[in-house]
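# Sequence unavailable; structure follows:
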C-alpha cells in the first residue's frame, strides 16, 4: 500500500517479557493468513533475530503468534530514545519515519520504513 501524509500506519508489535499479557492480547486479536505471512517474513528478515539470535523456525512462529496489531496516527511517537525496548514493531500498512540524532539540526538520520519493515 502507498501511503500519503494523512494515512495512519498500522504495525504489528509484540510485548517482550510479559507472557501473561502477550497471551491475553493474542487471544483478542487473531491475524489473517496474509498478515501472519508478513509478520513471519519480517521476523526472518530482521538481522537481530536471524543472524544474532539464530532463532529456529519454531521460535519464529511462536514470536509471530504473540504479535498483535496497533495503529499510530500521523505525528505519533511510537518509540523514544532511552525508553525500555520491550516491543518489536513491523510496519504492515503506511510509512513509519524513524529519526535518530538531533532532529533540530542536520545531524539527524531519517529513515522511512514501509510494509514488511521492522
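Perfect, I can see it now. Everything numeric here is computed off the predicted structure, so don't read it as measured data.
# make it CA atoms for all contacts and neighbour counts henceforth
Will do.
# Average pLDDT for the helix ranked longest in the chain, rounded please.
For the chain, the helix with the greatest residue count under DSSP state H is helix 33-45. Helix 33-45 carries an average pLDDT of 89.
# Let me know how buried residue 80 is, in neighbour terms.
Applying other CA atoms under 10 Å, we find 11 residues neighbouring residue 80.
# To clarify, my last question referred to residue 72.
Residue 72: 15 neighbours (other CA under 10 Å).
# Go ahead and confirm it touches residue 78.
Yes. Checked against CA atoms under 8 Å, the pair residue 72 and residue 78 is within contact range at 7.2 Å.
# how about the strands in the protein?
10-15, 68-71, 87-93, 96-100, 109-113 (DSSP state E).
# which stretch among those comes nearest residue 40?
strand 87-93 (10.1 Å; CA to CA).
# partners of that closest one in the sheet?
Take DSSP bridges as the rule and strand 87-93 pairs in its sheet with strand 10-15 (antiparallel).
# now the most centrally placed residue in the chain: how far from residue 102?
What sits nearest the mean C-alpha location of the chain, by CA atoms, centre = their mean, is residue 89, with 1.2 Å. Counting by CA to CA, to the nearest Å, the gap from residue 89 to residue 102 is 23 Å.
# same check, this time on residue 95
Counting by CA to CA, the gap from residue 95 to residue 102 is 21 Å.
# before we move on, what about residue 66?
Between residue 66 and residue 102 the distance is 34 Å, computed by CA to CA.
# Name the residue in the two with the higher neighbour count.
The neighbour comparison of residue 66 against residue 102 (other CA under 10 Å) goes to residue 66, with 22 against 10.
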